[in-house]
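J.: Give me a 3D structure for the following:
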Amino acid sequence: MGEKADLLNNVKEYLKGAKESKEKGSYNTAITLFFKAIAVLIDLFILEKEGFIPSNHNERFRLLENKYPFLYKILDKDFPVYQNSYRTKLTKSHVEVLENDFKQTAEYTGIKVD
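T.: Take a look at the predicted model:
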């Protein structure tokens, strides 16, 4: 498989796990997986538009901030929630925010996931 197919498959896997975790009430896990789904979907978009995959969060954030501010705002808002999932118990409403942000990211990028 190529990079694009691998990234798309990873997005699908994270998204499936996020939805299953949400249904089970495992909200921290769901948040982690929704955030990863968003980040990898953005990496796929960057690969398609820029021809490379960012090597880390910092590189991804800088590129988005400079060229794709809509995606930057989503990731910048969600990153602290993702980080907080390591040390605090988050809620279903937090999950729903990231789930909605995933939908907005998919719509903006035009990448079909389902």
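J.: use CA for all of it now, contacts and neighbours both
T.: Will do.
J.: Can you list the buried residues in the longest helix seen in the chain?
T.: Counting by DSSP state H, the longest helix found in the chain is helix 27-50. For helix 27-50, the neighbour count (16 or more other Cα atoms under 10 Å) marks 27-47 as buried.
J.: any idea of the mean pLDDT in it?
T.: Computed over helix 27-50, the mean pLDDT rounds to 97.
J.: What are the neighbouring residues in contact with the residue nearest the centre of the chain?
T.: By Cα atoms, centre = their mean, the chain has its centre lying nearest to I38, at 1.2 Å. Contacts of I38 were listed using Cα atoms under 8 Å, 6 or more residues apart in numbering, and they are V11, L75, D101, F102, T105.
J.: And the strand or helix carrying Y14, what does it pack against?
T.: Secondary structure from DSSP states H and E places Y14 in helix 3-24. Secondary-structure packing of helix 3-24 (3 or more Cα pairs under 8 Å, 6 or more residues apart in numbering; DSSP states H and E): helix 27-50.
J.: buried set for the helix or strand just after the helix it packs on?
T.: Sequence-wise, the next helix or strand downstream of helix 27-50 (DSSP H and E) is helix 57-67. Residues of helix 57-67 classed as buried: R60, F61, L64, E65 (neighbour count, 16+ other Cα under 10 Å).
J.: Out of these, which is nearest to L71?
T.: L64 (6.3 Å; Cα to Cα).
J.: For that closest one, which non-adjacent residue is closest in space?
T.: Y72 (4.9 Å; Cα to Cα, 6 or more residues apart in numbering).
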